[in-house]
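Q: when you get a sec, could you give me coordinates for this:
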Amino acid sequence: MSEYSGRLLPGTPSKSPIARFRPIVFLIAPLLAILFQVYVARFLDALAFLDLPLLVTVYFALMRRSQIQGMFLGAAIGLVQDSLSHQPIGMFGIVKTLVGYFSASMSQRFDVENNAIRFVLGLFFYFFHQFLYWVLVRALLGQPGEFSPQREILLALLNAFVAMPLFRLLDRLRERG
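A: Sure, this is the predicted structure:
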């Protein structure tokens, strides 16, 4: 890395250790996010814009820095989310698999401990998730999906703002040492 890029991206990822979590955290956090998505958003329309399973997928993929683990985690979260929703099985699984892979890839390039980078990645991956879901609905299901870039950017901003305290909360669940 050049001196210039090292200043733009403080704390190069190669120096940052891979975050370790207890196995129960990998089960409970995504499960709570999925249950929130399915049940709380159903009763409180104001929270329907939140995609907590996506944010949890992005967080764990960023912190573990492994594309394979990011893909498997994204696939598992997406398929469980598919099974509890009225969407065709596999749509969220495919999209979250790709999000897990790409966010783990990004974590190898950027300092994912930096809050500004976390915000930008949360915003980017929400928009990427929605766009890719729209493409798959049109291509695989042949249904005319609705995609409004202005609306999705606004929702991406809202999700990125929610991601910041969520990521700090999940940071506290890391194993020390």
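Q: counting neighbours, what do you get for H86?
A: When counting by other Cβ atoms under 10 Å, one arrives at 5 neighbours for H86. No exception for glycine: its C-beta is placed from N, CA and C like everyone else's.
Q: hmm, I typed the wrong one, I wanted R42.
A: The burial count for R42: 10, using other Cβ under 10 Å.
Q: where does the residue nearest the centre of the chain sit: helix, strand or coil?
A: Centroid-nearest residue in the chain: V58, 2.7 Å away (criterion: Cα atoms, centre = their mean). Of the three states, V58 takes helix according to DSSP: H, G, I helix; E, B strand; the rest coil.
Q: gap between it and Q130?
A: Distance, V58 to Q130, using Cβ to Cβ, to the nearest Å: 13 Å.
Q: now the nearest residue to V56 once chain neighbours are set aside: which helix or strand?
A: Excluding its sequence neighbours, the residue lying closest to V56 (Cβ to Cβ, 6 or more residues apart in numbering) is A33, at 4.4 Å. Assigned by DSSP states H and E, A33 falls within helix 23-35.
Q: what helices or strands is that helix leaning on?
A: For helix 23-35, the packing partners by 3 or more Cβ pairs under 8 Å, 6 or more residues apart in numbering; DSSP states H and E come out as helix 52-64, helix 67-84.
Q: for V40, find the nearest of those helices.
A: The closest of these to V40 is helix 52-64. By Cβ to Cβ, the value is 9.1 Å.
Q: element containing the closest residue to Q130 other than its chain neighbours, please.
A: Leaving aside its chain neighbours, Q130 sits nearest to E152 (4.9 Å; criterion: Cβ to Cβ, 6+ apart). Per DSSP H and E: E152 is located in helix 149-171.
Q: could you dump that helix to PDB, C-alpha only?
A: Extracted in PDB, the C-alpha atoms of helix 149-171 (Å, rounded to 0.1, in the frame of the first residue of the first chain):
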ATOM      1  CA  PRO A 149     -33.400   4.900  -6.800                       C
ATOM      2  CA  GLN A 150     -34.400   8.000  -4.800                       C
ATOM      3  CA  ARG A 151     -36.500   6.000  -2.300                       C
ATOM      4  CA  GLU A 152     -33.800   3.300  -2.000                       C
ATOM      5  CA  ILE A 153     -31.000   5.800  -1.300                       C
ATOM      6  CA  LEU A 154     -33.200   7.400   1.400                       C
ATOM      7  CA  LEU A 155     -33.800   4.000   2.900                       C
ATOM      8  CA  ALA A 156     -30.100   3.100   2.600                       C
ATOM      9  CA  LEU A 157     -29.300   6.300   4.600                       C
ATOM     10  CA  LEU A 158     -31.800   5.300   7.300                       C
ATOM     11  CA  ASN A 159     -30.400   1.800   7.500                       C
ATOM     12  CA  ALA A 160     -26.800   3.100   7.600                       C
ATOM     13  CA  PHE A 161     -27.700   5.400  10.500                       C
ATOM     14  CA  VAL A 162     -29.300   2.400  12.300                       C
ATOM     15  CA  ALA A 163     -26.200   0.300  11.500                       C
ATOM     16  CA  MET A 164     -23.900   2.500  13.500                       C
ATOM     17  CA  PRO A 165     -25.400   1.700  17.000                       C
ATOM     18  CA  LEU A 166     -26.100  -1.900  16.000                       C
ATOM     19  CA  PHE A 167     -22.500  -2.400  15.000                       C
ATOM     20  CA  ARG A 168     -21.300  -0.900  18.300                       C
ATOM     21  CA  LEU A 169     -23.600  -3.200  20.100                       C
ATOM     22  CA  LEU A 170     -22.300  -6.200  18.200                       C
ATOM     23  CA  ASP A 171     -18.700  -5.000  18.900                       C
END
